[in-house]
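J.: have a look at this fold, sequence not included:
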C-alpha cells in the first residue's frame, strides 16, 4: 500500500532555528531519502514553498474566489510531502517517526486509495 | 498475431533458459541477469525486422555472453582504477561465445532453478515478485513498475537490492538440497499465488495499459507444472488460478464497479478455463496427498459448477473450509468459512464464529472482517447494524473500488429502509 506522509512544520519557528540545526535537519532528510530509495520504498516527494505563497480557491455560484494563504488557518502548515510504498502500515508510521520534522512538529500518515480491488 | 507479439512471446519463453545457461556457465547471477535483459532488448528490436534467427536461444546466449564479457571487463577495469594499491580479485574470465552443447534437459530445468533463486527466502515478497517477473518472466523493469504502479526508479532499486541480497545470502545457482526442496517449492508457489492475486486485484483498476500479471502467473505456473507434472499442489494452484481467472469477465461492470460472486452473470464466465481447472483439480485430488491449494481449487470448482448462486453446494464448501482450516489455521480462511457457515447453518452461527476472530490481533478491526460482518447482519435481516458495518468497512478500505462497493451496499440498505 502506498502512503502519503504529510510533513507539518511551524514555518515561523523553523526560521528561528540556528543555521546549523537547519542544515542538520536537511541532511537527516537526505540520508533518509537515500535509505528509502535503496530499499525500493521511496515513490516520490517534494518540498513546498512558504505557506504565505499559497492561494486558496473556492468556487461559489460558479465564480472562483481566490484568497491568499493556506486552506486551514493553523500555526503548523504542510511544508512538503512524500509517498512511500510499504508492506505494512506500521512501517509507514516508523518512517514518519524518523522524519526529523516529527521531533519538532508532526507528520501525518495517510493511506492512498488503490485503484485495485477484489470482489467480495 | 503480429510479428512483434510472436517475437515477444518467444523471447519471454526463452528468457529463463538463456539466463539459466549463462549463470550455470559463468556464475555472477546479477551481471548475467543484466546481460540477458540487454540481449532480449536487442532481439526485440532486431528480430521483427530481420527475422528470427535459426537458433534463437543460441543467438541470445551469444549476445548476452558478449555483453556479460564487456560488463565484467569494464568492471574489472574500474576496480583496477579504484584500487590502485590493493590487488583486485580478477573477475572470472569469459572466453568468447560458448559452443559446448547443454546437457540434456538442462534448458528445461533452468526455469525451476531460477524460480528457486528468485523466490529465495532471504528476500521480501515484493522483491521476490519483482525479481521473478524480470529474471523468469522476461519483463522489463518499466513493465514491472507499471504493473505495480510505482516509478521505474523505485522498481529498479527493488530489483537491484534483491540481487544484492541473493549474492549476500551466498545462494548458488542450483536446486535446493533435498531436505529443503519441499519448503522452497512452497515459497515458489506462494510467490506465484501472490503474483496472481496482485494481477487479479489490478484488473479491477481503470488502467488498461498495465501488463496482465494474472496471465503471467498462469504462464509461469504452467511452466512449473510441465517440470513437476506429478505434484498435486502445483496442479491445485494452477487450477485455482484458472477457476478464478474464469470469473474475470463477470466480476466488474463496464464502469469498473465490482460485482460480488452471488450476483455475477455466470454465462459470462470463461467455460474453457473452467473445464481445464475442473479437470486439473479432479485429477490432483484423486491422486493425493491433498494440500491447501488443491482445497482452495476444489472450493472454486464448486462455485464454478453451480449454474446459479442458489445451486451452490454450500455444505460441501463448508466441509472443504473445515479441512483447509485443519491443514493450517489462518484468520483469512476462518473469515471465508464464516460465510459458508452462514449459508449452511444461518447467519447467527456465522456471527458467533466471527466474534472469535475479532479477538485475533491480525484481524481485529480489519475492513474485510467488518465487511463480512455487515454481510452476515444483512442476511440476518438486521438492517441497522449491517448499514453501520458497511459504512465502517468502507471507511477503512484502502481500495477505491472496494470502498465504492461497500458504500453502495450501505446506500442500498439505507434506501430500502425509507418508507
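T.: Great, that's in hand. All of these numbers come straight from a predicted model, not from anything done at the bench.

J.: ok, now how distant is residue A:91 from residue A:36?
T.: To residue A:36, residue A:91 is 11 Å away according to Cβ to Cβ, to the nearest Å. No exception for glycine: its C-beta is placed from N, CA and C like everyone else's.

J.: higher neighbour count, the two?
T.: More crowded of residue A:91 and residue A:36, by other Cβ atoms under 10 Å in any protein chain shown: residue A:36, with 21 against 16.

J.: any idea which element that one lies in?
T.: Assigned by DSSP states H and E, residue A:36 belongs to helix A:19-39.

J.: how about the residues of the stretch 101-250 of chain B by chain A?
T.: B:124-127, B:130, B:149-151, B:153-155, B:157-158, B:161, B:197, B:200-202, B:204-207 (Cβ under 8 Å from any Cβ of the partner chain).

J.: try 7 Å
T.: B:126, B:150-151, B:154, B:157-158, B:161, B:200-202, B:204-207 (Cβ under 7 Å from any Cβ of the partner chain).

J.: nearest spatial neighbour of residue A:102, skipping sequence neighbours?
T.: Leaving aside its chain neighbours, residue A:102 sits nearest to residue A:96 (6.0 Å; criterion: Cβ to Cβ, 6 or more residues apart in numbering or on different chains).

J.: helix, strand or coil: sort out that neighbour for me.
T.: Per DSSP: H, G, I helix; E, B strand; the rest coil, the secondary structure class of residue A:96 is helix.

J.: what do you get for residue A:59?
T.: At residue A:59, secondary structure determined by three-state DSSP is strand.

J.: and the gap between it and residue A:71?
T.: Relative to residue A:71, residue A:59 is positioned 14 Å away (Cβ to Cβ).

J.: count of neighbours near residue A:50?
T.: Residue A:50 has 11 neighbours, counted by other Cβ under 10 Å.

J.: which one's more surrounded, residue A:59 and residue A:71?
T.: The residue with more neighbours, out of residue A:59 and residue A:71, is residue A:71; 14 against 9, by other Cβ under 10 Å.

J.: residues in contact with the more buried one?
T.: residue A:56 (Cβ atoms under 7 Å, 6 or more residues apart in numbering or on different chains).

J.: per-residue confidence at it?
T.: On the pLDDT scale, residue A:71 is placed at 92.

J.: what of the one 4 residues further on?
T.: We note a pLDDT of 89 for residue A:75 in this prediction.

J.: over to the one 4 residues further on?
T.: Residue A:79 is assigned 94 on the pLDDT scale.

J.: over to residue B:106?
T.: Looking at residue B:106, its pLDDT reads 53.

J.: also residue A:65?
T.: 95.

J.: one more: residue A:108?
T.: Note on residue A:108: pLDDT of 97.

J.: that one and residue B:198: what is the separation?
T.: Residue A:108 sits 28 Å away from residue B:198, going by Cβ to Cβ.

J.: comparing the two, which residue is more hemmed in?
T.: Between residue A:108 and residue B:198, counted using other Cβ under 10 Å, the more crowded position is residue B:198 (19 against 13).

J.: list phi and psi for that one.
T.: Note on residue B:198: backbone dihedrals following degrees, to the nearest 10 are phi -60, psi -50.

J.: one step back: who wins for neighbours among the residues of the stretch 101-250 of chain B next to chain A?
T.: For these, the largest neighbour count, defined by other Cβ under 10 Å, is 28 neighbours, found at residue B:158.

J.: that one sits in which helix or strand?
T.: Residue B:158 is part of helix B:152-168, with elements assigned from DSSP H and E.

J.: buried ones in that helix?
T.: Neighbour-count burial for helix B:152-168, counted by 16 or more other Cβ atoms under 10 Å in any protein chain shown, picks out B:154, B:155, B:156, B:157, B:158, B:159, B:160, B:161, B:162, B:163, B:165, B:166.

J.: and for stretch B:306-313?
T.: Across stretch B:306-313, burial judged by 16+ other Cβ under 10 Å covers B:306, B:312.

J.: quick one: that stretch to chain centroid distance?
T.: Centroid separation for stretch B:306-313 versus its chain: 28 Å, with Cα atoms, centre = their mean, to the nearest Å.

J.: same deal with stretch B:282-299?
T.: When distances are taken as Cα atoms, centre = their mean, stretch B:282-299 is centred 19 Å away from the chain's centroid.
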